[in-house]
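Undergrad: need a 3D model of the sequence below.
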Amino acid sequence: MVQNALPDDPTAPTLLSTPLDAWHRAHGARMVAFAGYMLPVHYDYPSPWRERCRGGIIAEHLHCREHVALFDVSHMGQARLSGVGVAAAFERLTPADVQSLKPGRQRYALLTNEAGGIIDDFMIGCLGADDFMLVVNASRKETDFSHIGAELPRGLKLGPVEDRALIALQGPMAATVMARLAPEAAQLPFMGLGEFSVAGTPCIVSRSGYTGEDGFEISVHADQADAFARRLLAEPELVFAGLGARDSLRLEAGLCLYGNDIDEVTTPVEAGLEFAIAKRRRVEADFLGAQPILDHLHYGAPRRRVGIRPDGRAPAREGTEIVAADGTDAGDITSGGFSPSLNMPIAMGYLRRDLAALDTRLDLLVRGKRLPARVASLPFVPHRYAR
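TA: This is a model prediction of the structure:
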């Protein structure tokens with residue numbers, strides 16, 4: 001990855017750039033610092049592909065929901081995990097069932113610590129016998145790779161991949177576009193992955209994403225990323241979209257953002273991620289943090305991540321305090337904003353267990369005022385993954 005600094009600030013820390021940095025800047029991206037990288041938040045530059053989508057974050061968001069969009073997610077950490085018996089060994093670090101993961105399949109998983117907190121959430125895919133691919137969060141990859149490397153037995157290998165870009169193709173027309181470029185990849189089931197030639201470029205493709213829509217995540221060699229992105233954008237339905245739309249899409253889909261909605265002091269049960277704790281692993285209870293996590297499963301967690309719908313039009317942002325009807329502290333908002341799809345404010349946050357039931361009335365402390373809200377079901381917008 002290329003290094004640069006924030007513009008017009010000689011004291012700014014050095015930041016990394018993705019292989020598509022020059023493309024973003026040439027097409028009028030508004031660049032912001034995120035997770036140690038300079039990344040596009042949205043685009044303004046007029047160009048032939050831009051005619052399909054006019055007007056920043058909301059337009060990019062709606063285009064993804066209605067058609068298909070490309071996201072540069074090359075800041076995410078990619079790694080290969082390999083060695084005889086690596087699946088069994090890796091299960092000490094996660095409550096996921098890694099040993100049953102067959103070649104061509106992947107799943108969402110969690111790294112947990114001894115207290116039951118979440119070190120990171122990530123994707124793990126099986127490319128072959130004793131050969132796995134990991135995709136972890138950008139802000140956590142150094143922590144993750146150090147933790148995994150220290151815990152793996154001798155003879156097993158974790159190799160961070162620094163020479164690949166990652167591009168997400170997301171939206172209800174994603175499969176239509178993929179069918180033109182790589183018909184076999186377009187036939188992948190949800191959470192399937194494999195190695196394919198996409199528009200003549202060798203790629204690792206998974207059918208997954210972070211928007212709640214059908215889609216694909218495509219890992220491509222860094223030196224081919226620019227030409228590959230240009231080829232994809234020749235498809236008439238596609239536009240590039242930035243971090244702003246990616247965040248509003250994942251919030252509508254009720255998906256967690258590490259550092260906001262999950263962290264090292266939050267258990268999977270508090271976060272509503274029980275599905276990531278495999279049945280076999282609950283019985284074996286031999287992963288880091290198993291006891292506190294299983295205690296929360298059996299006896300209930302003191303707080304829960306919930307959806308929240310503020311009344312009116314004012315959004316509740318991260319850090320907003322939540323107050324119960326009796327005036328006592330109830331919790332706080334961890335992610336919040338305006339939903340372009342629903343045309344209303346939405347949020348997620350943690351509430352005391354006794355207040356987490358649907359439609360419970362609450363107050364949000366916004367700029368010193370108490371604004372009414374209620375507990376809502378997640379996701380706000382139904383998932384449309386391929387089934």
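
Undergrad: all strands of the stretch 51-200 of the chain, in order?
TA: Assigned by DSSP state E, counting those that start in this stretch, the stretch 51-200 of the chain shows strands spanning 68-72, 77-82, 105-112, 118-128, 131-136, 157-161, 164-170, 193-198.

Undergrad: next, count neighbours for R384.
TA: 15 (other Cβ atoms under 10 Å). In short, each C-beta sits where N, CA and C put it, glycine included.

Undergrad: so where does G331 fall, helix or strand?
TA: Per DSSP states H and E: G331 is located in strand 329-339.

Undergrad: list phi and psi for the residue of the chain positioned farthest from its centre.
TA: Farthest-out residue of the chain from its mean C-alpha position, per Cα atoms, centre = their mean: D326, at 35.9 Å. According to degrees, to the nearest 10, the main-chain angles of D326 amount to phi -90, psi 10.

Undergrad: please apply the same query to A229.
TA: phi -60, psi -40.

Undergrad: you'd agree it is up against W23?
TA: Yes: at 6.2 Å, A229 counts as touching W23 under the criterion of Cβ atoms under 8 Å.

Undergrad: and the gap between the residue farthest from the centre of the chain and D354?
TA: 11 Å (Cβ to Cβ, to the nearest Å).

Undergrad: any idea how far H147 is from C203?
TA: Noted for H147: a distance of 28 Å to C203, by Cβ to Cβ.

Undergrad: should've said I262
TA: As for I262, its distance to C203 is 29 Å (criterion: Cβ to Cβ).

Undergrad: quick check: pLDDT value at V2.
TA: With respect to pLDDT, V2 has a value of 42.

Undergrad: repeat that for L62.
TA: On pLDDT, L62 comes in at 96.

Undergrad: what's near enough to touch it?
TA: 340-341 (Cβ atoms under 8 Å, 6 or more residues apart in numbering).

Undergrad: repeat the analysis, applying 6 Å as the threshold.
TA: By Cβ atoms under 6 Å, 6 or more residues apart in numbering, the contact set of L62 is P340.

Undergrad: what of T266?
TA: 117-118 are the contacts of T266 under Cβ under 6 Å, 6+ apart.

Undergrad: cutoff 8 Å now
TA: When contacts are counted by Cβ under 8 Å, 6+ apart, T266 touches 117-118, 350.

Undergrad: any idea how far it is from G336?
TA: In terms of Cβ to Cβ, T266 sits 17 Å off from G336.

Undergrad: what's the answer for I277, then?
TA: Distance from I277 to G336, by Cβ to Cβ: 27 Å.

Undergrad: which one's more surrounded, these two?
TA: I277 (25 against 22).

Undergrad: now the residue lying closest to that one once chain neighbours are set aside. Its backbone dihedrals?
TA: Closest residue to I277 apart from its sequence neighbours, by Cβ to Cβ, 6 or more residues apart in numbering: P95 at 4.2 Å. Backbone geometry at P95, expressed as degrees, to the nearest 10, gives phi -80, psi 10.

Undergrad: which residue ranges form the strands in the stretch 201-350 of the chain?
TA: Counting by DSSP E, counting those that start in this stretch, the strands of the stretch 201-350 of the chain are 201-206, 215-221, 238-241, 303-310, 321-323, 329-339, 344-352.
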